[in-house]
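Q: how does the following fold in three dimensions:
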Amino acid sequence: ATSALRFGQTSGFLRASSLRPSRVPAAHVISLRGGGAASFPGSAQWSAYLKALEERPIPTKMATAAVLSAIGDVIAQSISGSGFVLRRMLVLVAVNVLYIAPLLHGWYNAFEYFTEKVLKLKPGTWKCTFALLGCDQLVNSPTTIACFFPIFAVANALADAMVGQPLPAAGTLASSIAEKLRVEYVHSLITNWKVWVLPQLFNFGFVPPPLRVGFANIVAVVWNTILSIIANR
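A: Down below sits the predicted model:
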């Protein structure tokens, strides 16, 4: 799965140089870290998190995704009332850490490059915000959800194999993935738009770029709860 997350480093606008994480402007860093203002409970931890986000953006976003996707699945399993299954939670966490978080990091930086350098839109304007939202919901969401079900199915099969269960035949696995996509894809995409459009409008309009994946992960507690229920039913 990790090889699929390597964005083309030598072609188009997805070069490595264009995907370097955007940095929070100095004024935002001072404000977000509590500089020049009274400290608040947890401010030291918040400052440490922001520092980690600046210095090691992808590992920090992956760790954030791990915690919040675990919370989402615990909630989903509580709602289902069938008892807690650790393996199920670990599979969803692995998919979020190794697939969703790196993918969002790449998409968001690519969308920033596209809107600012290609469309020549000024960051912080409503035109730029709505362009980012359109890219997110019309490019990111359909492709990410379409790939989620195959990746989740393969991760589940590998998790079963690790506890001694036989791996399904490739044809059987492909058929089950195709059926899952046929039944659940459109419903999942529409549900995604219901959950994500307004939060992402706020995200692209008001949240500094390096914090956008973290904000999305907080909203994703709700989304992961829904997606966990859909993926496991």
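
Q: now do the stretch of helix or strand residue 45 belongs to: which elements does it pack against?
A: Secondary structure from DSSP states H and E places residue 45 in helix 43-55. On a contact count with 3 or more C-beta pairs under 8 Å, 6 or more residues apart in numbering; DSSP states H and E, helix 43-55 meets helix 26-32, helix 57-80. Where you see a C-beta, it was placed from the backbone N, CA and C, and this is true even at glycine.

Q: buried sites along that helix?
A: 47, 49-50, 53 (16 or more other C-beta atoms under 10 Å).

Q: coming back round to it: any idea which of the helices and strands packed on helix 43-55 is most buried?
A: Most buried of the helices and strands packed on helix 43-55 by mean neighbour count (mean count of other C-beta atoms under 10 Å) is helix 57-80; its value is a mean of 19.

Q: so which residues of this structure form helices?
A: 26-32, 43-55, 57-80, 86-95, 101-113, 126-135, 141-162, 170-206, 212-232 (DSSP state H).

Q: what residues does the residue lying closest to residue 85 once chain neighbours are set aside make contact with?
A: Sequence neighbours aside, residue 77 is the residue nearest to residue 85 in space, at 6.7 Å (criterion: C-beta to C-beta, 6 or more residues apart in numbering). Going by C-beta atoms under 8 Å, 6 or more residues apart in numbering, residue 77 touches 83-85, 88-89, 228.

Q: widest-spaced pair of the residues you listed?
A: Farthest apart among the contacts of residue 77 by C-beta to C-beta are 83 and 228. That separation is 14.4 Å.

Q: more neighbours, the two?
A: Taking other C-beta atoms under 10 Å, residue 83 and residue 228 do not tie; residue 228 has more neighbours (24 against 7).

Q: quick one: contacts for the closest residue in space to that one that isn't next to it in sequence?
A: With sequence-adjacent residues excluded and distances taken as C-beta to C-beta, 6+ apart, residue 228 is closest to residue 76, at 3.8 Å. Taking C-beta under 8 Å, 6+ apart, we find residue 76 in contact with 224-226, 228-229, 232.
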